[in-house]
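Enquirer: When you get a sec, could you give me coordinates for this:
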Amino acid sequence: MHRYIIKRLIMLIPVLLGVAFIIFAIMNVAEGDPVYQVAGPDATEEELDALREEMGLNGSLLERYFRYIGNLLKGDLGTSYVSQMNVMKLYLQRLPNTLRLASLAMIVAVLMSVPLGIVAAVNQNSWKDTIAMILALLGLSMPNFWLGLLLMLLFSLKLGWFPSGGSEGVFSVVLPAVTVGVGLAALLTRTTRSSMLDVLRQDYLRTARAKGVPEKKVIMSHALRNALIPIITIFGVQFSNVLGGSVLAETVFAWPGVGRLVVDAIDQRDIPTVTGALIMTTMLVTVVNLLVDIVYAYVDPRIKAQYTK
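Expert: Numbers count the residues shown, from 1 in each chain. Just a heads-up that it's a prediction; the model follows:
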């Protein structure tokens, strides 16, 4: 297991190098020069050249890329062109909000989806199954921003139960988390149902019932545990997506997360902020995927045996 973890961490290096180069290439061909945004319209050509030198924008794309990688190895993500703040500091300011939103959204999704998926699978082709699948279809079809506006209208403006935006207070994350969590729950519900249906047809469950094991224990201890691998996979993928930034929900609720940071930086052509934030997010997503693989080993002993060979 330790060798597997070390191998995955080493594989992170070329991924980060590739992400940094792709971002550099895209930002390089984008229209506009960030020097003009920083210097203003009245700057002379000499001032622009000096500022370009100071910002590290002189030289070819490859020269700037290798210069950035050298600084990255020292733990320096650069300085924002717009705010003149250290990019690492900017990212760490937004990261707790993103983790808070992502964690609560996944809790909402799991609490909604797993029970619904189990009920739908156990009662296949019944009215319970139909209702669960209709709810899942609604969750998949409903745009996040539209659901967010509805929740804001009802629970914030009409009832006054929760704040309509921002990150102040304990309850400010509730509406954004529910908005993101409903869409995630829809996919997890369908995955749970499909995985449970495959397991429920297995012979070892008939054997357990024949031995007199209570039906509740058969479902929760035997069937659900063996159906967890696809569920954990989707959970890890969705959690990684949310960590990358739920831009629509963050925009609707004015939530200061990593997603909004990156989008604002792209609009302002703030290359260091875009590059640094995406590299840090890539690292975070890779760690989440590694943790998901480790969870696989504890859920399924066969996978653990493969890791320890």
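Enquirer: quick one: least confident helix or strand in the protein?
Expert: helix 301-307 (a mean of 60; mean pLDDT, DSSP states H and E).
Enquirer: Which residues belonging to stretch 233-248 are considered buried?
Expert: Across stretch 233-248, burial judged by 16 or more other Cβ atoms under 10 Å covers 233-240, 242-248. Heads up, the C-betas are built off the backbone N, CA and C, glycines and all.
Enquirer: next one: stretch 221-233
Expert: Buried-residue list, stretch 221-233, by 16+ other Cβ under 10 Å: His222, Ala223, Leu224, Asn226, Ala227, Leu228, Ile231, Ile232, Thr233.
Enquirer: Return the closest of the residues you listed with respect to Val110.
Expert: Ile231 (8.9 Å; Cβ to Cβ).
Enquirer: hmm, who's touching the helix or strand harbouring that closest one?
Expert: Ile231 belongs to helix 228-243 when assigned by DSSP states H and E. Applying Cβ atoms under 8 Å, 6 or more residues apart in numbering, the contact partners of helix 228-243 are 98-99, 101-102, 105-106, 109-110, 114, 180, 184, 187-188, 191-192, 194-195, 258, 281, 284-285, 288-289, 291-292, 295-296, 299-300.
Enquirer: Please export the C-alpha coordinates of it as CSV.
Expert: Output of helix 228-243 as CSV, limited to C-alpha atoms (Å, rounded to 0.1, in the frame of the first residue of the first chain):
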residue,chain,number,x,y,z
LEU,A,228,-20.1,0.6,-2.5
ILE,A,229,-17.3,0.6,-5.1
PRO,A,230,-19.3,2.3,-7.9
ILE,A,231,-20.8,4.7,-5.4
ILE,A,232,-17.5,5.6,-3.9
THR,A,233,-16.1,6.2,-7.5
ILE,A,234,-18.9,8.6,-8.3
PHE,A,235,-18.6,10.2,-4.9
GLY,A,236,-14.9,10.9,-5.5
VAL,A,237,-15.4,12.2,-9.0
GLN,A,238,-18.2,14.6,-7.9
PHE,A,239,-16.3,15.7,-4.8
SER,A,240,-13.3,16.6,-7.1
ASN,A,241,-15.6,18.5,-9.4
VAL,A,242,-17.0,20.6,-6.5
LEU,A,243,-13.4,21.3,-5.2
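Enquirer: All set, thanks.
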